[in-house]
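S.K.: Sharing a sequence plus its predicted fold:
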Amino acid sequence: MTTSSSERGVSLGMPELPAPGYPDDVRERLERDAREVIARYPDSRSALLPLLHLVQSEEGHVTRTGMRFCADVLGLTTAEVTAVATFYTMYRRRPSGDYQVGVCTNTLCAVMGGDAIFEALQEHLDVANGETTDDGKVTLEHIECNAACDFAPVVMVNWEFFDNQTVESAKRLVDDLRVGRTVSPTRGAPLCTFKETARILAGFPDERPDAVEASGSAGPASLVGLRLAKGETAPARVVHPRDGGPHDEPQDRVHEPSPAEHLSSHDAPQDTSASDAAHPAAPNAEEGE
């Protein structure tokens, strides 16, 4: 028995047909929203990113129809729109779940348990990276740094934070999402669906009561760094014994390191273009003159 080239998934190089348009009522509504978005920018081309979120809020991912719509209203080619839509990972290129569950597997989250959480969720949900559960509820993916290292390991659902996760808490989280139980992010706005999140990212207000007032806070490590950046005096460092032997002195004794002593390589002075005049990248003395 022979199979056709189409059945084998072989392309004959035929050009792809133009994407179909939206139904008239949908296009009219999207055009009204698009005009509001475009009016925010002096150059209409700058509205492309929020408009891709807008069309993503319509179908849950950026379709060829959505990219054609963006090209039409902005006077761009579909190739220009496609280049942007395929560059940024926040734009989905295929149908996905109501809840995008992202497990941070960058360095700190990974060593704190992120890798174990991601592996456990793949087995628990029976999906691989980027795949969606059969019920269409959850899409699982590993993601890069969420800028929340002091809460590691971190899981995000539709870009809302779920901090200090464990394998068991992450399993409970996805189970609750699949059966429709209310889950609350550690900080930030109440959770909504991915389509609703996409519309908010397009720049439209969150109409849910008290959603705007919901907020969170950075962790202690981040706040210390913020205080240092503002020029506030740093608290004295507490250094614990390094040799592992018994010590009679209290553990909270303040230790002032000598100039030659550094707690880590990050504390050591490093030659930079600003401190090493011989460095090839040193500032030009005549610059700005």
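M.R.: Looks like it arrived, so ask away. Treat the numbers as computed from the prediction; the structure is a model and nothing was measured.
S.K.: Residue 161 - how many residues pack around it?
M.R.: Number of residues near residue 161 (other C-beta atoms under 10 Å) recorded here: 18. C-beta: built from backbone N, CA, C; applies to glycine.
S.K.: scratch that, residue 54 is what I was asking about
M.R.: By other C-beta under 10 Å, 25 other residues sit near residue 54.
S.K.: can you give me the end-to-end distance of stretch 159-169?
M.R.: Stretch 159-169 has an end-to-end distance of 18 Å (C-alpha to C-alpha, to the nearest Å).
S.K.: and for it, what are the contacting residues?
M.R.: Applying C-beta atoms under 8 Å, 6 or more residues apart in numbering, the contact partners of stretch 159-169 are 100, 113, 116-117, 120, 146, 148, 151-156, 170, 173, 183, 185-189, 191, 197, 201, 216.
S.K.: Of all the helix elements in the chain, which one is longest?
M.R.: Counting by DSSP state H, the longest helix found in the chain is helix 24-38.
S.K.: as a whole number, average confidence for it?
M.R.: Helix 24-38 shows a mean pLDDT of 94.
S.K.: from the chain's centre, how far out does the helix or strand just after it sit?
M.R.: Next helix or strand after helix 24-38 toward the C-terminus (DSSP states H and E): helix 48-59. Offset of helix 48-59 from its chain centre (C-alpha atoms, centre = their mean, to the nearest Å): 17 Å.
S.K.: cool, and stretch 45-55?
M.R.: With C-alpha atoms, centre = their mean, you get 17 Å for stretch 45-55.
S.K.: next one: stretch 71-86
M.R.: Relative to its chain's centre, stretch 71-86 lies at 23 Å (C-alpha atoms, centre = their mean).
S.K.: Now do the buried residues in it.
M.R.: The neighbour-count check on stretch 71-86 (16 or more other C-beta atoms under 10 Å) flags 71, 73-74, 76, 78, 80-82, 84-85 as buried.
S.K.: Dump that stretch to CSV, restricted to CA.
M.R.: Output of stretch 71-86 as CSV, limited to C-alpha atoms (Å, rounded to 0.1, in the frame of the first residue of the first chain):
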residue,chain,number,x,y,z
ALA,A,71,0.1,43.6,9.3
ASP,A,72,-3.1,45.1,7.8
VAL,A,73,-3.7,47.7,10.5
LEU,A,74,-0.1,48.7,10.8
GLY,A,75,0.8,48.7,7.1
LEU,A,76,3.5,46.0,7.6
THR,A,77,4.2,42.9,5.7
THR,A,78,3.2,39.5,7.2
ALA,A,79,6.9,38.6,7.1
GLU,A,80,7.7,41.6,9.3
VAL,A,81,5.0,40.6,11.8
THR,A,82,6.0,36.9,11.7
ALA,A,83,9.7,37.9,12.5
VAL,A,84,8.5,39.6,15.7
ALA,A,85,5.9,37.0,16.7
THR,A,86,8.4,34.1,16.4
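S.K.: Mind listing residues that contact it?
M.R.: The contact list for stretch 71-86 (C-beta under 8 Å, 6+ apart) reads 19, 31, 34, 38, 44-45, 47-49, 51-52, 62, 64, 67-68, 70, 91, 93.
S.K.: Mind giving me the ChimeraX command for buried ones among these?
M.R.: Selecting only the buried entries of the contacts of stretch 71-86 in ChimeraX, with 16+ other C-beta under 10 Å as the criterion:
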select :34,38,44,47,48,49,51,52,62,64,67,68,70,91
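S.K.: Out of the buried residues of stretch 71-86, which sit inside helices?
M.R.: Mapping these onto helices (DSSP H) picks out 71, 73-74, 78, 80-82, 84-85.
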